[in-house]
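Q: quick one, what's the 3D model for this:
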Amino acid sequence: MWLNGLRRCNKISRDNPLDKEQYVKQVYLVGANEVLQTKRVDYAGNGELYVSVAIGGSQLPDQDVTVTLGTATQDNIDRYNHKNVVAGGIKYQALPTDWYSLPSWDGTIRRGEVYTRIPIKVDPSRISCDSLYVIPLKITKTSAYQTIANDRHSNVAKDTCLLVHLQMVNAFSGSYTFSGVATEMVDGVKNPSNVSSISTARTATAVNGNTIRLFQNAIVERYSNLGEHAYTITVNDDNSLTLKTWKDMPIVDGAGTYNPADKTFTFWYDYTVGEKTFRMEAKLKKDKEL
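A: Now for the predicted structure:
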């Protein structure tokens, strides 16, 4: 009796269900459950980024799995805009197909591995900092297993669309603390009776490889304020600065220097408000990255 019981226990141990796949194995684009995935692209870089394709389940795949990507339709972008972009906001748009390429639309997840990365090459010089471009991708074919949410008529999912959002950056873009003093200038001389101090958080937006854009003073950072309240700072090869208006902000003159050691801009610029001229003397210090 005792031996028979031991044999039954050993049999149960050998048939442990955890040794088998506990779920339906599925192939998916990593991030597709959130629909939108942001990828940082450096204006000064080679424009290369990656998307990942993975296999879900409790067990590693027992074979190589080839996955083929394709371009999702405009309907996927329209649905995302309808749900997430407020009235009057900038809508996401598909990156023109001749602005990017995939060396191969296929990727292989090797046996015993859970994912593979597929490279994409974009042309940074053609991408505007204010255009919300996305690359709409979907899985069109797999050599094994099924894709998430497959229907009765296809082994390809309806909702495996991934909108790859391109966030353009450079070495100087990011979050900063702006500290400045604005003084009225009268015939080229500072008027000590008309002085104001400003300290605020600012976001430096990359415009190209060595230029950032800032909103004036503490103006709200929104698209509608860009015309009259934004300017650019270009970091030259010798770390001197060139300041210019973005569109219509009335900047008269300006200059400064960049300290790469502590990532700080020190600069000044003259601008007009009505009939008056003011000089802004400021420091822009990069916030510590978490």
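
Q: contact partners of whichever strand or helix holds T140?
A: If you go by DSSP states H and E, T140 is part of strand 133-142. Residues outside strand 133-142 that contact it (C-beta atoms under 8 Å, 6 or more residues apart in numbering): 27-29, 36, 51, 53, 65-74, 76-77, 92-95, 100, 120, 122, 127, 147, 155-157, 160-166. Using the backbone N, CA and C atoms, a C-beta is placed for each residue, glycine as well.

Q: report the buried members of those residues.
A: Among the contacts of strand 133-142, those classed as buried by 16 or more other C-beta atoms under 10 Å are 27-29, 36, 51, 53, 65, 67-69, 71-72, 76-77, 92, 94-95, 100, 120, 122, 127, 147, 156-157, 160-166.

Q: which residues does G107 bridge with?
A: V67 (DSSP bridges).

Q: wait, what's in contact with it?
A: Counting by C-beta under 8 Å, 6+ apart, G107 touches 53, 66-67, 69, 116-118.

Q: with just CA atoms, put stretch 234-254 into PDB.
A: Output of stretch 234-254 as PDB, limited to C-alpha atoms (Å, rounded to 0.1, in the frame of the first residue of the first chain):
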ATOM      1  CA  THR A 234      21.700  78.000 -31.000                       C
ATOM      2  CA  VAL A 235      24.900  76.600 -29.400                       C
ATOM      3  CA  ASN A 236      27.800  77.400 -31.700                       C
ATOM      4  CA  ASP A 237      31.000  75.300 -32.000                       C
ATOM      5  CA  ASP A 238      32.800  77.600 -29.500                       C
ATOM      6  CA  ASN A 239      29.900  77.300 -27.000                       C
ATOM      7  CA  SER A 240      28.800  80.900 -27.800                       C
ATOM      8  CA  LEU A 241      25.100  81.400 -28.200                       C
ATOM      9  CA  THR A 242      23.000  82.900 -31.000                       C
ATOM     10  CA  LEU A 243      19.500  84.100 -30.100                       C
ATOM     11  CA  LYS A 244      16.700  84.600 -32.600                       C
ATOM     12  CA  THR A 245      13.000  85.000 -32.700                       C
ATOM     13  CA  TRP A 246      11.000  81.900 -33.500                       C
ATOM     14  CA  LYS A 247       8.400  83.800 -35.500                       C
ATOM     15  CA  ASP A 248       7.100  87.100 -34.300                       C
ATOM     16  CA  MET A 249       8.600  87.700 -30.900                       C
ATOM     17  CA  PRO A 250      10.200  91.200 -31.000                       C
ATOM     18  CA  ILE A 251      13.800  90.300 -30.100                       C
ATOM     19  CA  VAL A 252      16.300  93.200 -30.900                       C
ATOM     20  CA  ASP A 253      19.600  91.600 -30.000                       C
ATOM     21  CA  GLY A 254      21.100  88.900 -27.700                       C
END
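
Q: helix or strand, whichever it is, which one in this protein has the lowest mean pLDDT?
A: Here the helix or strand of the chain ranked lowest by mean pLDDT, DSSP states H and E is helix 2-14, holding a mean of 52.

Q: and the helix or strand following it, what does it pack onto?
A: Later in the chain than helix 2-14, the nearest helix or strand by DSSP H and E is strand 26-29. Applying 3 or more C-beta pairs under 8 Å, 6 or more residues apart in numbering; DSSP states H and E, one finds that strand 26-29 contacts strand 48-56, strand 65-71, strand 133-142, strand 146-147.

Q: in the helix or strand harbouring S193, which residues are buried?
A: Assigned by DSSP H and E, S193 falls within strand 189-208. Buried residues in strand 189-208, counting neighbours by 16+ other C-beta under 10 Å, are found at 202, 204-207.
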